[in-house]
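A.B. asks: I would like to see how this sequence folds:
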Amino acid sequence: MSDISVESIKKLKELSGVGLTDAKNALVEAKGDFDKALDAMRKKGLTKAEKRGDRETREGLIDAYVHDGRIGAVVEVNCETSFVAKTDEFRDLAHKLAMQVASMNPVWVSEADIPADEMDEAIKEAEAGLTGKEPADKKADIVAGKVAKMFADKVLLNQPYILDDTKTVAVFIKDAIAKTGENITVKQFRRIELGVSE
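C.D. replies: Presented below is the predicted three-dimensional model:
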């Protein structure tokens, strides 16, 4: 399609982390609609990111953020290679995650970190809230949804990302995985607030 510019193809490649040919094909399929093509490529990139999720992350860095001298956060973010860990993009990602921790005060990195007794208590509470009118085959999904909602603000990966609340922190990280081509994980974090002790 002749009306698709090279600049558009390059821009789509940079934003989505896919190759030039894939970027061009996406623009052709979207009939030149850049936003539609970007959305399609992001979905494709996220699919690839999911496949990278089980690869080991032994490199990375620790970053810190201090807000107004009153709230501080330190976060350990891991990736697969020291090459990626040293890039400006990865440092920026780690810094934004430290800002997220300082701002939103999560308790756990992922749902897998929630203690079993707290999870059991949440499941019981969600089940107690059922009316009995729910279809039997939907009860488990309804309970899971209620439990996820209870912990949404406390689990870092489930929180709305502070710089773009249309996505969660997990999606923000998956976007970075799609761009770098490496698995990226948050290993741990700490948050300190002046005058407040654990």
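A.B. asks: which stretches of the chain have low pLDDT?
C.D. replies: Residue ranges of the chain with pLDDT under 70: 1-3, 13-21, 42-55, 198.
A.B. asks: show me where it has its strands.
C.D. replies: Counting by DSSP state E, residue ranges of the strands within the chain are 59-67, 71-79, 160-161, 164-168, 185-193.
A.B. asks: buried residues in the fourth one?
C.D. replies: Read that as strand 164-168. Neighbour-count burial for strand 164-168, counted by 16 or more other C-beta atoms under 10 Å, picks out T168. For every residue, glycine as well, the C-beta is placed using N, CA and C.
A.B. asks: swap in the first one?
C.D. replies: If you call a residue buried by 16+ other C-beta under 10 Å, then strand 59-67 has these buried ones: 59-61, 63, 65.
A.B. asks: quick test: name the residue nearest the centre of the chain.
C.D. replies: The residue lying closest to the centre of the chain (C-alpha atoms, centre = their mean) is A170, at 1.8 Å.
A.B. asks: next, format the strands of the chain as a markdown table and append distance to A136.
C.D. replies: As requested, the strands of the chain are exported to a markdown table (distance: least, C-beta to C-beta, whole Å):
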| stretch | distance to A136 |
| --- | --- |
| strand 59-67 | 45 |
| strand 71-79 | 42 |
| strand 160-161 | 32 |
| strand 164-168 | 30 |
| strand 185-193 | 37 |
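A.B. asks: which residues in this structure form helices?
C.D. replies: For the chain, helices defined by DSSP state H occupy the ranges 6-16, 20-29, 34-52, 82-85, 88-104, 116-128, 139-151, 169-180.
A.B. asks: leaving out chain neighbours, which residue sits closest to I142?
C.D. replies: Among residues not flanking I142 along the chain, E134 sits closest, at 5.7 Å (C-beta to C-beta, 6 or more residues apart in numbering).
A.B. asks: quick one: the one you found from A176, how far?
C.D. replies: E134 sits 38 Å away from A176, going by C-beta to C-beta, to the nearest Å.
A.B. asks: do F83 as well
C.D. replies: From F83 to A176 the distance is 15 Å (C-beta to C-beta).
A.B. asks: out of those two, which sits in the busier spot?
C.D. replies: Neighbour totals were compared for F83 and A176, and A176 leads with 23 against 12 (other C-beta atoms under 10 Å).
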